[in-house]
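S.K.: Coordinates for the following, if possible.
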Amino acid sequence: MRKILFATITFLGLINVSCISNDWEDNSVSSEVIEQPISGKFLKNVLIEDYTGTWCQYCPRVLHGIEQVQNQQLRAYPVSIHRSSGSFTDPYNFNALALEQMLDISGYPAAKLNRKIQWSNSSSPTEVKNQIKPNADLGIALQSTVSGGNINLDVNIKFVSNFSDLKLVVYVLEDGLIYNQVNATSYFGGQNPIVNFEHNHVLRACLTDLVYGDTLTGTNVGATVTKNFTVAIPANVANIAKIYFVAFVLDASGKAINVRGSAPNTTQTFQINP
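M.R.: Modelled structure (predicted):
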């Protein structure tokens with residue numbers, strides 16, 4: 001009888017330990033210390049790279065997630081990298097095969113945050129929100145003019161810490177592209193296809209090396225580095241008024257440290273904490 005009682009107590013004890021463990025995990029999330037802004041540092045924004053296709057039946061899940069991010073006005077900059085695959089073609093296809101191979105992307109949709117982090121529950125903005133921080137050791141400010149068929153873009157990067165092995169990636173995007181979207185999800189009313197869907201933040205050109213970025217030098221505390229890009233407006237852009245720029249800095253591991261986006265003919269200031 002005592003053996004049976006001991007076994008029963010042991011079993012109940014294991015159940016209690018399991019419950020305590022689960023409660024501890026939940027509490028660790030809910031009691032997370034909120035990072036406070038540090039004067040002189042920069043706001044940290046989030047890069048979203050969405051590998052997608054107009055033919056991709058489950059890609060509207062990520063498109064819905066990006067809509068939620070934008071509806072909540074989160075400090076995130078989405079980039080839609082459209083891809084064709086086999087017999088499935090996309091009118092906005094961008095040759096990102098080398099980048100996909102580097103990141104081991106083998107199917108669509110695939111969504112990455114700050115280039116290296118998998119956006120697992122991509123229908124929800126929670127993981128994006130968790131990547132937004134008040135303090136970064138480098139800030140980005142863009143200045144551009146678009147006229148006469150040309151782009152003149154300055155990417156200004158300011159540092160409050162010493163860095164090495166940094167790379168810069170600069171994208172030209174386009175909004176307002178209309179094309180049917182295949183849909184096997186319940187999002188967007190479950191309509192299939194979604195007729196005349198508006199595709200936004202579509203990657204049209206990369207002004208730097210797509211995979212590794214261009215090398216930055218002089219990345220020391222107190223320095224401001226400016227990279228200028230003077231190029232013709234990409235021939236695949238349908239509406240010049242709808243272009244948009246996104247620039248981000250990668251660390252030695254290939255992860256984005258910070259990102260900033262801007263409409264054309266805009267002069268930005270750095271997002272410095274007061």
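
S.K.: which residue sits closest to the residue nearest the centre of the chain, ignoring its sequence neighbours?
M.R.: Centroid-nearest residue in the chain: residue 48, 1.5 Å away (criterion: Cα atoms, centre = their mean). Nearest non-adjacent residue to residue 48, counting by Cβ to Cβ, 6 or more residues apart in numbering: residue 78, 4.2 Å away. Placement of C-beta: from N, CA and C, glycine included.

S.K.: Who are the contact partners of that neighbour?
M.R.: 48, 49, 50, 66, 69, 70, 200, 201 (Cβ atoms under 8 Å, 6 or more residues apart in numbering).

S.K.: who's in contact with the fifth one?
M.R.: So the one you mean is residue 69. By Cβ under 8 Å, 6+ apart, residue 69 lies in contact with 48, 76, 78, 125, 128.

S.K.: Closest one to residue 238 out of those residues, please.
M.R.: The closest of the contacts of residue 69 to residue 238 turns out to be residue 78 (Cβ to Cβ; 18.9 Å).

S.K.: For my notes, confirm the closest one occurs in a strand.
M.R.: Yes. According to DSSP: H, G, I helix; E, B strand; the rest coil, residue 78 belongs to a strand.

S.K.: and residue 235, helix, strand or coil?
M.R.: Classified using three-state DSSP, residue 235 is coil.

S.K.: Now do it, the pLDDT please.
M.R.: pLDDT recorded at residue 235 is 97.

S.K.: Distance check, it against residue 201.
M.R.: For residue 235, the distance to residue 201 (Cβ to Cβ, to the nearest Å) stands at 19 Å.

S.K.: of the two, who's got more company?
M.R.: residue 201 (21 against 7; other Cβ atoms under 10 Å).

S.K.: ok, that one to residue 48 distance?
M.R.: On the measure of Cβ to Cβ, residue 201 and residue 48 end up 9 Å apart.

S.K.: what do these two both touch?
M.R.: 66, 77, 78, 79.

S.K.: Select from the contacts of residue 78 every entry located in strands.
M.R.: 48, 49, 50 (DSSP state E).

S.K.: now these in CSV, with distance to residue 142?
M.R.: Shown next, in CSV, are the ones in strands among the contacts of residue 78 (distance: Cβ to Cβ, whole Å):
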residue, distance to residue 142
48, 18
49, 18
50, 21
